[in-house]
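Q: Sequence and predicted structure, then a few things I'm wondering about:
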Amino acid sequence: MNPLDLRLETPRLILRVPRDGDAEALAAWLAEWEIARWTANIPHPYGIENARSWIADVRASIEAARALTFVIERRNAPGAIGGVGVALDGPGKEGDLGWWIAIPHQGNGYAFEAAARLVEFCWSMEMTRLTAGALPDNAPSLAVARKLGMRPNGKMLRSQPARETPRETMEFVLTR
């Protein structure tokens, strides 16, 4: 199977590799400060060229087995409403998990549902450890990490391109 054809499903969601046609929706959602401010990798402002570049980078990272990154779609309404992914370590046994959901779709459990499905897939790939980071005041992401069964593992500085400076994050770990 071509890794770019990878698709994961849940009862309500489809997780699939981003494609060029997702650029406009991604640019619109990720231009929102309320999304960028909580993430480690999304710059602000964010435009269509950022989205196109991100899609190309994601696809190259998947082909090189450096990441598993998906857009999140609702089964009953196609179109990207979020993202979930794992940056892989060199041997592919550990990874760093992250997620985001577009503002109009927050509060529906989509982040947890997508992240839980990706965790399940990671375990099926014989990964042994996942980490995640969240800003201490990002209550929804902290709740997702805890609901996934992740346990606190201290604090660390993480890049924050939207804020142009690293920020202290709460770190979580989940082992198989």
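A: The structure has been received and is ready for your questions.
Q: Do you have the helices of the chain handy? List them.
A: 23-30, 33-36, 48-63, 110-124, 139-147 (DSSP state H).
Q: Show me what the fourth one is packed up against.
A: In this case it means helix 110-124. With contacts taken as 3 or more CB pairs under 8 Å, 6 or more residues apart in numbering; DSSP states H and E, helix 110-124 sits against strand 7-9, strand 13-16, strand 67-74, strand 77-88, strand 94-101, helix 139-147. For glycine as for every other residue, the C-beta is placed from the backbone atoms N, C-alpha and C.
Q: Is it possible to get those out as TSV so that each row also shows distance to Asp22, mean pLDDT and mean neighbour count?
A: Formatted as TSV, the helices and strands packed on helix 110-124 follow (distance: least, CB to CB, whole Å; pLDDT from 0 to 100; neighbours: other CB atoms under 10 Å):
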stretch	distance to Asp22	mean pLDDT	mean neighbour count
strand 7-9	14	98	13
strand 13-16	9	98	20
strand 67-74	6	97	23
strand 77-88	5	95	20
strand 94-101	14	96	22
helix 139-147	22	97	18
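Q: could these go into TSV alongside distance to Asn50?
A: What follows is the helices and strands packed on helix 110-124, written out as TSV (distance: least, CB to CB, whole Å):
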stretch	distance to Asn50
strand 7-9	24
strand 13-16	20
strand 67-74	15
strand 77-88	13
strand 94-101	14
helix 139-147	21
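Q: Low-confidence ranges, this protein, go.
A: Low-confidence segments of the chain (pLDDT under 70): 160-163.
Q: before we move on, back to that, quick one: closest of the helices of the chain to Leu13.
A: With distances scored as CB to CB, the stretch of these nearest to Leu13 is helix 110-124 (5.7 Å).
Q: now that closest one against strand 77-88, angle please.
A: Between helix 110-124 and strand 77-88, the angle formed by their directions is 50 degrees, by axes from the mean of the first three to the mean of the last three CA atoms, to 10 degrees.
Q: which one of the helices of the chain lies closest to Gly90?
A: Of these, nearest to Gly90 by CB to CB is helix 48-63, at 13.1 Å.
Q: sorry, back to before: out of the helices and strands packed on helix 110-124, flag the one nearest Ala28.
A: Going by CB to CB, the one of the helices and strands packed on helix 110-124 nearest Ala28 is strand 77-88, 9.6 Å.
Q: Name the residues that touch that closest one?
A: 15, 18, 22, 25-26, 29, 58, 65-74, 94-102, 105, 110-111, 114-115, 118, 122, 127, 130 (CB atoms under 8 Å, 6 or more residues apart in numbering).
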